[in-house]
Structures are given as C-alpha cells and as structure tokens.
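> Generate a structure from the sequence data that follows.
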Amino acid sequence: MSSLTTVQVRFSETDAIGHVNNVSYFIYLEQARVDFIKSLQADREHPDLFLAVVSMTCDFIRQAFFDQVLIIETTVTDIGGKSFTLKHTMKEKQTDDTIAVGQSVVVLLDREKNKAVPLNAGWKEKLRCHQE
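Presented below is the predicted three-dimensional model:
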C-alpha cells in the first residue's frame, strides 16, 4: 500500500529557464513525507519523541513546468531499528511520466536527549503496511 500526494506546480516554483527549480522538488517531497506520516496516525502518546529527517535525495528524471499536476507516491523501502526509509516517486498526472524519484531516511528522536531511539512495535507495524 502506498500514500499519494497531489501537487500543482505554482509559477513561483519555476526558475528563469521556465522549469521547476530543483529546490521545489524537495518541498514537494517534504509534503509527501508529511502526508504519509500523518496518514499513519502513529502512536503520539510520547510527546518527547518526534521524527527527524537524516538524509534526503532526489534524482531528477524529467523537467516539470508551471501548472502541471504531479502525483507523488510514497512507499516504505526499509525499516531499521531506529529509522525507516521512504521512496517518493513523482509522476506527471496527465502523462504518467516519471519526473523525479526521491528518498528520505527518517529517525525517531528523543527531544530531550537529541538521540535516535528504537522504533516501537506500533510504528513498525504501521510502516510494514506501506512497505514495497
């Protein structure tokens, strides 16, 4: 099972060449990651724990342009002891062409200690439901 996020490219997200600026892709991936995590409705009984991104990459496959509608599919590719990895596949809605493929590595962090802590069984179970 995957999570889908829809983004419509705004004019302000393009650059002087007329295509989407590379920084905007990371904003789109952030939105997809946030939407995915919200969809998990994971355990929030520990407010001292939060998620933090420790790595993020994006491979640009095709150009995107103003007013295109992009669909970002997010899946889980790896579940570790303290982290999980998300894959984000961004496609143009009308043509289904792949625009970009990104990856985010996320850890569960103890706010007070500022250290990664193990993912509990509840997190792992919810993540497995979205694993490729």
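> Show me the helices in this structure, by range?
Taking DSSP state H, the helices of the chain run over residues 22-40, 121-128.
> Put the alpha carbons of the last one into CSV.
What follows is helix 121-128 as a C-alpha-only set of coordinates in CSV (Å, rounded to 0.1, in the frame of the first residue of the first chain):
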residue,chain,number,x,y,z
ALA,A,121,6.2,-2.2,17.6
GLY,A,122,3.3,0.2,16.8
TRP,A,123,5.5,2.2,14.4
LYS,A,124,7.0,-0.8,12.7
GLU,A,125,3.6,-2.4,12.2
LYS,A,126,2.1,0.7,10.5
LEU,A,127,5.2,1.1,8.4
ARG,A,128,5.1,-2.6,7.2
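> Low-confidence bits of the chain, can you list those?
42-46 (pLDDT under 70).
> From V106, how far off is the residue nearest the centre of it?
For the chain, R33 is the residue whose C-alpha lies nearest the centre (CA atoms, centre = their mean; 2.9 Å). As judged by CB to CB, to the nearest Å, R33 and V106 stand 7 Å apart. In this view, the C-beta of every residue, glycine as well, is placed from N, C-alpha and C.
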